[in-house]
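In: for reference, the sequence and a predicted model appear below.
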Amino acid sequence: MSNVKVLPLLEPEAPEAVVPCCPPLTERPFTAEEAERTARMFKALGDPVRLRLFSLVASHEGGEACVCDISDVGVSQPTVSHHLKKLREAGLLTSQRRGTWVYYKVEPSVVAALGGILGSKG
């Protein structure tokens, strides 16, 4: 008789919508919706702690990081959670709960979109 116990898999939380936001600034004027979405993203990245958290997740091996690996940014854990929530709400990060930990991921399309917004025509 085996002592191995099969544990049920947790269903991942519904993925948050990550939508590449806008065309390059030099392509055409933004619509009101595009400007709102882009401003939310840049506003979220305008905070040094959020920018650092975003960088930690984006540069983490596999492009995904457990909150336990990125929480040492000089602020308390509840403050880290608050900043990660703001990054998720801005569409910059997605998250998935696995057991007791939450894993964060930067979607490559978001990084490409941010770079593309500031890109210029050759």
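Out: Thanks, I have it.

In: okay, which residue is most central for the protein?
Out: Nearest residue to the geometric centre of the chain (C-alpha atoms, centre = their mean): Leu93, 1.4 Å.

In: tell me which residues of the worst-scoring helix or strand of the chain on mean pLDDT come out buried.
Out: Ranked by mean pLDDT, DSSP states H and E, the weakest helix or strand in the chain is helix 108-118, scoring a mean of 78. Along helix 108-118, these residues count as buried under the neighbour rule (16 or more other C-beta atoms under 10 Å): 110, 113-114, 116-117. Using the backbone N, CA and C atoms, a C-beta is placed for each residue, glycine as well.

In: swap in stretch 79-89?
Out: Buried residues in stretch 79-89, counting neighbours by 16+ other C-beta under 10 Å, are found at 80, 83-84, 86-88.

In: using PDB, list the CA coordinates for stretch 55-70.
Out: Output of stretch 55-70 as PDB, limited to C-alpha atoms (Å, rounded to 0.1, in the frame of the first residue of the first chain):
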ATOM      1  CA  SER A  55      11.700  45.000 -13.500                       C
ATOM      2  CA  LEU A  56      12.200  42.200 -11.000                       C
ATOM      3  CA  VAL A  57       9.300  40.200 -12.500                       C
ATOM      4  CA  ALA A  58      10.300  41.000 -16.100                       C
ATOM      5  CA  SER A  59      13.900  40.000 -15.600                       C
ATOM      6  CA  HIS A  60      13.200  36.900 -13.400                       C
ATOM      7  CA  GLU A  61      14.100  33.600 -14.900                       C
ATOM      8  CA  GLY A  62      11.300  32.500 -17.100                       C
ATOM      9  CA  GLY A  63       9.600  35.900 -17.000                       C
ATOM     10  CA  GLU A  64       7.600  34.900 -14.000                       C
ATOM     11  CA  ALA A  65       8.300  35.400 -10.300                       C
ATOM     12  CA  CYS A  66       6.800  34.200  -7.000                       C
ATOM     13  CA  VAL A  67       6.000  37.100  -4.700                       C
ATOM     14  CA  CYS A  68       8.300  35.400  -2.200                       C
ATOM     15  CA  ASP A  69      11.200  36.100  -4.500                       C
ATOM     16  CA  ILE A  70      10.500  39.800  -5.200                       C
END
